[in-house]
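[1] mind looking at a prediction? Sequence and model below.
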Amino acid sequence: MAKKTETAHDLNNVRNIGIIAHIDAGKTTTTERVLYYTGMVHKIGEVHEGAATTDYMDQERERGITITAAAVTASWRGHQINVIDTPGHVDFTAEVQRSLRVLDGGVVVFDGVAGVEPQSETVWRQANSYGVPRICFVNKIDRTGANFQRCVDMIIERVHGNPVVIQLPYGEGADFKGIIDLVAMKLITYDGEMGNDIQLHDIPESHREQAETRRQEMIEKVVENDDFLTEKYLMGEEINNDELMGAMRAATIASKIQPVCCGSALKNKGVQTLLDRVVDLLPSPLDIPPVTGTHPKTDEVLVRRADSKEPTAALVFKIITDPFVGRLAFFRVYSGVVKAGSMMMNTTKGNRERVGRIVRMFADSREDIEEVRAGDIAAILALKDTFTGDTLSDENNPIVLEKISFPEPVIEVAVEPNTKADQDKMGNALRRLAEEDPTFKIEVDDKLGQTKIKGMGELHLEVLVDRMKREFGVEATVGRPRVAYRETITRQVREDTTFKRQTGGSGQYARVVIEFEPLPDEEAELAKDGFLFVDATKGGTVPREFIRPTENGMREAVAGGILAGYPVVGVKATLVDGAYHDVDSSEMAFKVAGSICLKDAFKRARPILLEPTMKVEVVVPDEHTGTIVGDLSSRRGIIAGMEPRGAGSTSVRANVPLGEMFGYATQLRSMTQGRGSFTMEFEKYSPAPQSVADDVIKGAS
């Protein structure tokens, strides 16, 4: 059972942090040590034994990976630390996305041997987009081939960070014995089986010169972000450690630098020091800018500060379905107080919600609490109609916070229930899973009588189907994966469409003249779902009440696809002219005219099929590099680069169409005698070759 933690009333003593990284860098292992050293667990659970506290789903324990972001609360040096252990696998990138939206700071974990890996780049970009300050932890320094400096260099080269080394490893690989702290200028060793016995020593002579050089570099990088200390430094005056840490904290919170720590979480070295730096350097809710939102009716921009006296504003960032208590909604309170039993307004949907039980989560166990104050994270049980990205606010002071944006699915499979009983259960199971996961989409194909599920990758859908069977008892047959293609146009056309139908009484009449063109890059952000509609009519040729129906008709046609039934993207439609009849024109007539106009224009605008291209990185022993390069090329891959990875292995980076990568894990194992590994993430949509497009269109017809 979790050790209880008191709600921290002083926001200066709260830290909301995420542990983020590439798969297998050691995030969950690091989180386990955080829980152990903060007294939240009395026995460390290991990922490779399927016993990690935060990996509580069956699928996580069997596969040894994190699938859902787990929220835990811990206490260190009088500070309350809300920790979210996020997944590293690219298929579950939405979990990282929504966690970063509500976090104040991040600990980015790197593998000391592999350095900056593809998903490390992705989470770094996501942290940049949400403005999340971070510190780095170079883990696995005890492994053969570990190279701390190479990892620091890769942070500069690969993600354009500004790393400031504040610790050095004392030995690497099998010789790793401790950490040299460049602030205190001491050697730290961790004795005892669990690393609880921390000893401070003078830095050995063999490492003193290197430590002094690196401390000087650290001071120079920190003081250049502080005018007062820069002047002091240039005058040759001594800068004490309090001044140094103050300037380092300010520069870290401003995301100007990223302090770098090191250690080995598995060998219980370095995690306590990392916790010290989380408290010292990462922001409290008071250090981050006030959150902004809009009034749901007037769109007026509103500001909420991290203060319990302000009107309440909270953002729901994650939904999980608990088999025992039902739906749990994780939320971050930005201002005010959320109390159990109170009424709140879901301003995103315009519904009132009663707040039932509020619980503080400890992975999959929980404790009841009465209230959650500004700056804190907790979970509410049994909200009726509130999901990921929804805002909960004070009924008398409504505000809508910015929603969380998620990538579109790139892969789909058909699922068929095995029996009539499974049919009803499957609908419920899929709906519940879609409520939890915004990147999981369900589509019913009426023409084929088929249910399709869409996701971010093979593993993503595999896990969801497995959960459907285990948690909801649904037996289903799963089809082969299919690529989620898109359709677009490549040239500008002008289409003049008249829809006229005469029946007994009043008829239907609408005329629209629309110019279609490929969506310019500079206007892409204005487009909703990749389609931009512009009204450029003059003189009332199309009355105001018929413009929205015209757009809706085109949007329906766009969603259903024209070439092969896939959504149309990258199109700008400008309504330039039209005509109407006083009696016969109606909203329905203009909706039909808009739809027909788009379909006719699409056929003349040189339509093409777009396919998702993936960024693939394969790490293989040197002797298999040639085979892998040849195989990726045969899959229509474009080799983007190769670099040595240490310990006799090479990293091969390539851009490969998703359709060529199905089943690659099995083939890679056979090509490398099981010694190769790969990661894959969505890069962009690219035009598909005509031969591929012809096959897809033929299959859809």
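    Sure thing, it's come through. Residues are numbered from 1 along each chain as shown.

[2] contacts, neighbours, all on C-alpha from now
    Noted.

[3] tell me where the stretch 1-150 of the chain has strands.
    14-21, 70-76, 79-85, 105-111, 134-139 (DSSP state E, counting those that start in this stretch).

[4] please read the previous query as pertaining to the stretch 201-350 of the chain.
    Using DSSP E, counting those that start in this stretch, strands in the stretch 201-350 of the chain cover 258-262, 291-294, 301-304, 313-322, 326-335, 337-339, 343-346.

[5] JSON lines please, covering those strands and showing distance to E237, mean neighbour count and mean pLDDT.
    Shown next, in JSON lines, are the strands of the stretch 201-350 of the chain (distance: least, Cα to Cα, whole Å; neighbours: other Cα atoms under 10 Å; pLDDT from 0 to 100):
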{"stretch": "strand 258-262", "distance to E237": "24", "mean neighbour count": "26", "mean pLDDT": "97"}
{"stretch": "strand 291-294", "distance to E237": "40", "mean neighbour count": "16", "mean pLDDT": "93"}
{"stretch": "strand 301-304", "distance to E237": "42", "mean neighbour count": "15", "mean pLDDT": "94"}
{"stretch": "strand 313-322", "distance to E237": "47", "mean neighbour count": "23", "mean pLDDT": "82"}
{"stretch": "strand 326-335", "distance to E237": "42", "mean neighbour count": "23", "mean pLDDT": "86"}
{"stretch": "strand 337-339", "distance to E237": "47", "mean neighbour count": "22", "mean pLDDT": "94"}
{"stretch": "strand 343-346", "distance to E237": "56", "mean neighbour count": "22", "mean pLDDT": "94"}
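
[6] let me have the ones you listed in JSON lines, extended by distance to K684.
    Output for those, formatted as JSON lines (distance: least, Cα to Cα, whole Å):
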{"stretch": "strand 258-262", "distance to K684": "29"}
{"stretch": "strand 291-294", "distance to K684": "30"}
{"stretch": "strand 301-304", "distance to K684": "33"}
{"stretch": "strand 313-322", "distance to K684": "26"}
{"stretch": "strand 326-335", "distance to K684": "31"}
{"stretch": "strand 337-339", "distance to K684": "41"}
{"stretch": "strand 343-346", "distance to K684": "34"}
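
[7] V223 against T230, yeah?
    Yes - when contacts are counted by Cα atoms under 8 Å, V223 is listed as touching T230 (5.2 Å).

[8] where does the chain have low pLDDT?
    Along the chain, the parts satisfying pLDDT under 70 run over 1-9, 41-70, 85-98, 321-325, 361-365, 445-449, 503-505, 646-647, 700-701.

[9] ok now stretch 489-507, how far from the chain's centre?
    43 Å (Cα atoms, centre = their mean, to the nearest Å).

[10] end-to-end on that stretch?
    33 Å (Cα to Cα, to the nearest Å).

[11] what sits against P481?
    411-414, 458, 662 (Cα atoms under 8 Å, 6 or more residues apart in numbering).

[12] swap in E412?
    452-455, 481-484.

[13] filter those down to just the ones in strands.
    Among those, the ones falling in strands (DSSP state E) are 452-455, 482-483.

[14] closest to L668 out of the strands of the stretch 201-350 of the chain?
    Closest approach to L668 among the strands of the stretch 201-350 of the chain (Cα to Cα): strand 258-262, 32.2 Å.

[15] so that closest one versus strand 134-139, what angle?
    With axes from the mean of the first three to the mean of the last three Cα atoms, to 10 degrees defining the directions, strand 258-262 sits at 20 degrees from strand 134-139.

[16] direction included, what does strand 258-262 pair up with?
    Using DSSP bridges, strand 258-262 pairs in its sheet with strand 134-139 (parallel), strand 163-165 (parallel).

[17] tell me the most buried of those?
    Burial of the strands paired with strand 258-262 is given as mean neighbour count (mean count of other Cα atoms under 10 Å); strand 134-139 ranks first at a mean of 28.

[18] outside of it, which residues touch it?
    25-26, 105-112, 148, 151, 252-253, 255, 258-265, 274, 278, 282.
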